[in-house]
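[1] Give me coordinates for this.
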Amino acid sequence: MASFLKAGGVFLVLLCFLCKLLVQSENPSRRGFMELHHLNPSKEFSEYNCDVLMKEKALKSRIFHVFIYISWFRVEHMCISGNWKDRYKNSYVWAQMPIKVLKCHLDSSRNHYRENRSYNYVQFHCNVDGYVDSIEDMKILQPIFF
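    This is a model prediction of the structure:
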């Protein structure tokens, strides 16, 4: 009977841990950030177009928007520092490597978006749950011309 209770307790702990991971992966601010700002590297950076992106992501009303071209894994782990206890914090983190960035500016006279592509150091905001929820600042390293 004691071994059954011990096994049941371990099972409950693992189940709680899995539920916590599921809830964290469904974090609305994290999911929203990825939907609004993330460009998937499985497609070439040069193939992305501001007019198409702004329409696809229902951002046509915005005057300015920034997209980052980075793997989801790097975004997911941006807020994790060397100490696992520091993950849950409200902080700002500079990416350690430059990231390709596509900036879209509305050209109201032509009713389309102008594009600026560059390598940037990007500062992200890590929310209290330890996930990126916004882009706070950028330092341009080098423009990208096609």
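
[2] What are the boundaries of the strands in this protein?
    For the chain, the strands defined by DSSP state E cover 38-39, 64-69, 91-94, 99-107, 112-126, 132-143.

[3] who wins for proximity to residue 29 among the ones you listed?
    strand 132-143 (4.0 Å; Cβ to Cβ). From N, CA and C alone the C-beta is placed, and that goes for glycine too.

[4] burial measure for the nearest residue to residue 112 once chain neighbours are set aside, as a count.
    In this structure, residue 112 finds its nearest non-sequential neighbour in residue 51, 5.3 Å apart by Cβ to Cβ, 6 or more residues apart in numbering. Residue 51 sits with 14 neighbouring residues when counted by other Cβ atoms under 10 Å.

[5] repeat for residue 59
    16.

[6] Now do the closest residue to it other than its chain neighbours against residue 77, distance only.
    Ranked by Cβ to Cβ, 6+ apart and with sequence neighbours excluded, the top spatial neighbour of residue 59 is residue 65, at 5.5 Å. Shown here: residue 65 relative to residue 77, a distance of 24 Å by Cβ to Cβ, to the nearest Å.

[7] No further questions, thank you.
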